[in-house]
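**Q** A predicted structure for the sequence below; I have some questions about it.
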2 protein chains.
Amino acid sequence: MQPNWLAQRSYLTPDRIGLRFGEKEWTFHALFQIAEKVARKLATHQLVAGERVAILAPSNAELIHVIYGCMHARLEIVFLNNRLSPYELAYQIEDADVKMVLAGDGAAEKVADFPTLSFAELFASDETMVAFAAEWDEQQTISIMYTSGTTGFPKGVRQTLQNHTYSAMGSALNLGLAEQDVWLCAVPIFHISGFSILMRSLLYGMTVCLYEKFDEASCAHEIANGTVTKMSIVGVALERMLTYMEQHQLVAHLNFTTILAGGGPVPVSYLERAQALHLRVSQTYGMTETSSQTATLSNEDAMRKAGSAGKPLFFNQIRIEKSDPSSREGEICIRGPHVTPGYIGRFSDKASLEDGWLKTGDIGYIDEEGFLYVIDRRADLIISGGENIYPAEIEAVLVAHPSVQDAGVCAVEDEKWGQVPAAFVVLKEECDVSVLQELCYQRLARYKVPKVFKSVPSLPRNGANKLMRRKLKEWL
Amino acid sequence: MQPNWLAQRSYLTPDRIGLRFGEKEWTFHALFQIAEKVARKLATHQLVAGERVAILAPSNAELIHVIYGCMHARLEIVFLNNRLSPYELAYQIEDADVKMVLAGDGAAEKVADFPTLSFAELFASDETMVAFAAEWDEQQTISIMYTSGTTGFPKGVRQTLQNHTYSAMGSALNLGLAEQDVWLCAVPIFHISGFSILMRSLLYGMTVCLYEKFDEASCAHEIANGTVTKMSIVGVALERMLTYMEQHQLVAHLNFTTILAGGGPVPVSYLERAQALHLRVSQTYGMTETSSQTATLSNEDAMRKAGSAGKPLFFNQIRIEKSDPSSREGEICIRGPHVTPGYIGRFSDKASLEDGWLKTGDIGYIDEEGFLYVIDRRADLIISGGENIYPAEIEAVLVAHPSVQDAGVCAVEDEKWGQVPAAFVVLKEECDVSVLQELCYQRLARYKVPKVFKSVPSLPRNGANKLMRRKLKEWL
């Protein structure tokens, strides 16, 4: 058992700033009072301990207030990606079987088919007096996030209090901890990269400086002015920020300690440019199933071990499962108290672990000094501007069209987004590209819609009829 | 499950300094290699996973090497206080039923009646190749320390991996964590105040700067030179160090962040003197059963809340159990993952908790802002130079003498040690004080022998025949 994080943090450091958004800021005491108010309003809608809700909203202060209210009320929160199509959202909402969707500004219409409560309606609700839990169970599910895999069907991953605790503690043991820490959050809260910053804030007593969207100018100035001390970022955003800082002759303030860069390896050229700006970059490898970071490369090793994701955090273990013992490469497997205990919905019977290990599907190796290198992402994962895209999900949409016989999707390099998807289709009958594109726009988030469509006579499949997506890349 | 701490720390930060003692220092990699060697030597003596050993030794580098060897071999370690009498040691060794006593320099003769292996013999032993555990169980007992209570019979308190993990993490969340941290350890390793520094070192990747004995001159210079960043201390030692620094016009270096002061409240005058020397003092309240700190007063509140032990660490809860609901005072009760799951030996059947709470026997209150004040220690505990002395233990020795009918012991203030014990005896027949003193020297550690003996016609007892030790104090 642990004390209720919101109550404990407010008790221990009531006057410290817990959240900054735009011109406004809230102390931990104020956040706790808001959480209590929101929890009482939720109770008026029968949303009480043990119930499950989904949240769809932009990353602003109201979202944080609602999340903390839900946590205080001990609701399980399904985080919905607000870039998904209504079709994709419907799948997740149905699979999670939520009692209510809580919808922030402009989100309600995307989930109109479901029982929905807008933030405005929630805030206007009466309060019902209920007793809130003074303690939280470590096995309690705090958050649920959907992530796809080889099948193309997104799975709802449970993240428990224990997962978040060990993830945050392991991160602190690696990056250090100071009373004056402020973490700049310009990554989406509905991703584990963003939500884990909130968890660290409550556990550490640390300010979150929240941005609704990443904006290189504002972030660069926060770093140069020393008003933030840490930041999470994805590679493409880092590049934009470096360019801005170079153009405006800004360098990082001494207060600023670390940029945590996720979503694939950061090119050495970025690291060199960051160094010139006094920016310390730590590359990290993690995923929804590991409640954020699993391995992180320290800044001191960044150049010497460029391309590596570093070493595991203290409580974690990583091993490489090799199908060929003579090879140094194999599947990256992860073990530790930060790894999800399992899924909800249609995959709730599926074990997340094999003999206690999470098999990531990612391919990598560990060098002689113990540094992890990730050389190929699971299921030919495409990472576009920090968002994960699973080819199988797009292929499933394409083959659903009556004119399409077979489809294969792979990544194509893109200057702005890092990668974007490209589609290869085998047609049964004449069909215009615009028709397929339109279908994708209906069914998929915009960032998942292939930028390239190519009609081909057949797809490269191996003897087991498995699509070889790497071959597709060569065709581009 | 957690990774083996020694192996993991050596893997993650092999080149960082883990231990400094005198002119010598060891990296975490070197400490791991030593631990492995020691564990193999222990195996030659059939000391392998699951066995229990006791350690009696001065606080030097060899002791740390043996402790890490025992931990790597997964032995349970009973820490013996090397100031105890052979009679007291025998009680603990028998109660703990250890397989072997590992004895450091000059310690072997004090435990001659038991199977003993001196450090010199151990280091000279052959190595037996054994496979060591890659993982440690959170419920595994790491250390056992004896502490007395109202009964006068010391109880062996188990401290598990989970206890140490949450204790160290809670401390880091309160005091912060930095890569360059060096913790000055001049408190005994056989007390939880000392051993918990080793646990933090392994978990944080932090240097321990070890002193065999507290020495105000050396410690003052470490602090003034900035070669250490944190230090644990007891009140009387703090006073000696302040005096030294004042006399030698030393002030704390900017690198130095915190003195953690335990063993009773620190007088406001000390805090004022410390402030003038730029020394930040955090007062703390903890005990063997809570694997060190339970509550700690931050430096920013030190003057405003002088005499308070502060607020609980993040994972802990404290409540006051009042026999009279109108009173603000009551028994201090503690709950959290840092609290011992129980005892060994003759008290192994005794539950350590009531409804999940540890009843400390200490009396205190929590003020309107949530700060804990400890106003009376359990069982009229006497704290002398940082050592706990339980009156009942001394009384039991005195009444064992045929001339003594009744005995009562209480604290008397002492300039050098803070407190020392004073004894009141009711005699059946003429008996010289020197005889009783001699008996105490035979049976008790020197620091427990009363400095004052008084013969009285009767002792103050209440209606339930309970000795009112506070009345004795008034008689002095």
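**A** Great, that's in hand. Numbering: from 1, shown residues only, chains lettered A, B, ... in the order given.
**Q** which residues touch the closest residue to A:Leu198 other than its chain neighbours?
**A** Closest residue to A:Leu198 apart from its sequence neighbours, by C-beta to C-beta, 6 or more residues apart in numbering or on different chains: A:Val208 at 6.3 Å. Using the backbone N, CA and C atoms, a C-beta is placed for each residue, glycine as well. Residues near A:Val208 by C-beta atoms under 8 Å, 6 or more residues apart in numbering or on different chains: A:Gly18, A:Leu19, A:Arg20, A:Ile64, A:Val182, A:Trp183, A:Cys185, A:Ile197, A:Leu198, A:Ser201.
**Q** Which SSE is immediately downstream of the host helix or strand of A:Val208?
**A** A:Val208 belongs to strand A:207-210 when assigned by DSSP states H and E. Where DSSP H and E defines the elements, the next helix or strand beyond strand A:207-210 is helix A:216-225.
**Q** quick check: angle from whatever helix or strand comes next after that next one to helix A:216-225?
**A** Using DSSP H and E, the helix or strand that directly follows helix A:216-225 along the chain is strand A:230-234. Computed with axes from the mean of the first three to the mean of the last three C-alpha atoms, to 10 degrees, the direction of strand A:230-234 lies at 150 degrees from that of helix A:216-225.
**Q** buried residues in strand A:230-234?
**A** Buried residues in strand A:230-234, counted by 16 or more other C-beta atoms under 10 Å in any protein chain shown: A:Lys230, A:Met231, A:Ser232, A:Ile233, A:Val234.
**Q** hang on, the earlier thing: just the pLDDT at the residue nearest to A:Leu198, thanks.
**A** pLDDT, A:Val208: 98.
**Q** Of all the residues in the stretch 101-250 of chain A, which one is nearest chain B?
**A** Closest residue of the stretch 101-250 of chain A to chain B, C-beta to the nearest C-beta: A:Leu177 (4.2 Å).
**Q** just the stretch 351-476 of chain A next, same as before
**A** Counting by C-beta to the nearest C-beta, the stretch 351-476 of chain A gets nearest chain B through A:Gly370, at 5.5 Å.
**Q** Checking that residue next. Helix, strand or coil?
**A** Under DSSP: H, G, I helix; E, B strand; the rest coil, A:Gly370 falls in the coil class.
**Q** what's near enough to touch it?
**A** Residues counted as contacts of A:Gly370 (C-beta under 8 Å, 6+ apart) are A:Lys311, B:Tyr11.
**Q** A:Val397 too?
**A** Contacts of A:Val397 by C-beta under 8 Å, 6+ apart are A:Leu439, A:Cys440, A:Arg443, A:Leu444.
**Q** Let's see the helix or strand hosting it as PDB, backbone CA atoms only.
**A** Secondary-structure assignment from DSSP H and E places A:Val397 in helix A:391-399. Only the C-alpha atoms of helix A:391-399 are listed here, as PDB (Å, rounded to 0.1, in the frame of the first residue of the first chain):
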ATOM      1  CA  PRO A 391       2.100  -1.300 -40.900                       C
ATOM      2  CA  ALA A 392      -0.400  -4.100 -40.100                       C
ATOM      3  CA  GLU A 393      -3.000  -1.600 -39.000                       C
ATOM      4  CA  ILE A 394      -2.900   0.200 -42.300                       C
ATOM      5  CA  GLU A 395      -2.700  -3.000 -44.400                       C
ATOM      6  CA  ALA A 396      -5.900  -4.200 -42.600                       C
ATOM      7  CA  VAL A 397      -7.700  -1.100 -43.800                       C
ATOM      8  CA  LEU A 398      -6.500  -1.400 -47.400                       C
ATOM      9  CA  VAL A 399      -7.300  -5.100 -47.900                       C
END
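**Q** what about the residue most central in space within chain A, distance to A:Ser218?
**A** Closest residue to the average C-alpha location of chain A: A:His191 at 2.7 Å, with C-alpha atoms, centre = their mean. Note on A:His191: its distance to A:Ser218, by C-beta to C-beta, to the nearest Å, is 20 Å.
**Q** Same check on A:Pro391?
**A** Distance from A:Pro391 to A:Ser218, by C-beta to C-beta: 34 Å.
**Q** Okay, strands next: where are they in the stretch 201-350 of chain A?
**A** Assigned by DSSP state E, counting those that start in this stretch, the stretch 201-350 of chain A shows strands spanning A:207-210, A:230-234, A:258-262, A:281-287, A:292-296, A:311-312, A:317-321, A:330-335, A:343-344.
**Q** Up against chain B, what does the stretch 101-250 of chain A have?
**A** Within the stretch 101-250 of chain A, the residues that sit near chain B (C-beta under 8 Å from any C-beta of the partner chain) are A:Ala134, A:Glu135, A:Met169, A:Ala172, A:Leu173, A:Gly176, A:Leu177, A:Ala178, A:Glu179, A:Leu203, A:Tyr204, A:Gly205.
**Q** got the residues of the stretch 351-476 of chain A near chain B?
**A** So the stretch 351-476 of chain A meets chain B at A:Gly356, A:Gly370 (C-beta under 8 Å from any C-beta).
**Q** Do a quick rundown of the helices in the stretch 351-476 of chain A.
**A** Taking DSSP state H, counting those that start in this stretch, the helices of the stretch 351-476 of chain A run over residues A:391-399, A:433-443, A:469-475.
**Q** Comparing the ones you listed, which stretch has the densest surroundings?
**A** Each of the helices of the stretch 351-476 of chain A was scored by mean neighbour count; the highest is helix A:391-399, a mean of 22, by mean count of other C-beta atoms under 10 Å in any protein chain shown.
**Q** ok, A:Gly176 touching B:Leu177?
**A** Yes: at 5.1 Å, A:Gly176 and B:Leu177 qualify as touching, with contact defined as C-beta atoms under 8 Å.
**Q** picking that back up, for the contacts of A:Val208, pick the one with the most neighbours.
**A** Within the contacts of A:Val208, most neighbours by other C-beta atoms under 10 Å in any protein chain shown means A:Cys185, with 29 neighbours.
**Q** quick one, what contacts that one?
**A** A:Ser59, A:Gly194, A:Ile197, A:Leu198, A:Val208, A:Cys209, A:Leu210, A:Tyr211, A:Ser232.
**Q** And A:Thr116, its phi and psi?
**A** phi -130, psi 140 (degrees, to the nearest 10).
**Q** now A:Val48
**A** The phi/psi pair for A:Val48 (degrees, to the nearest 10) is phi -130, psi 170.
**Q** now A:Gly194, what's its secondary structure?
**A** Per three-state DSSP, A:Gly194 ends up helix.
**Q** Of the buried residues of strand A:230-234, which is the nearest to B:Glu415?
**A** A:Lys230 (48.6 Å; C-beta to C-beta).
**Q** gap between that closest one and A:Asn163?
**A** Noted for A:Lys230: a distance of 21 Å to A:Asn163, by C-beta to C-beta.
**Q** now swap in A:Leu75 and tell me
**A** Taking C-beta to C-beta, one finds A:Leu75 at 17 Å from A:Asn163.
**Q** The two - which one has more neighbours?
**A** A:Asn163 (29 against 26).
**Q** Hmm, the more buried one is touching A:Pro337, no?
**A** Yes: counting by C-beta under 8 Å, A:Asn163 does reach A:Pro337; the two are 7.1 Å apart.
**Q** The one helix or strand A:Ala30 maps to - what's its average pLDDT?
**A** Taking DSSP H and E as the definition, one finds A:Ala30 inside helix A:28-44. The pLDDT scores in helix A:28-44 average 98.
**Q** Test my guess that the residue nearest to the centre of chain A contacts A:Asn82.
**A** No: if you go by C-beta under 8 Å, A:His191 and A:Asn82 don't touch, sitting 11.0 Å apart.
**Q** How about the contacts made by A:Gln442?
**A** A:Ser85, A:Tyr87.
**Q** burial of A:Ala112, as a residue count?
**A** Neighbour tally, A:Ala112, other C-beta under 10 Å: 10.
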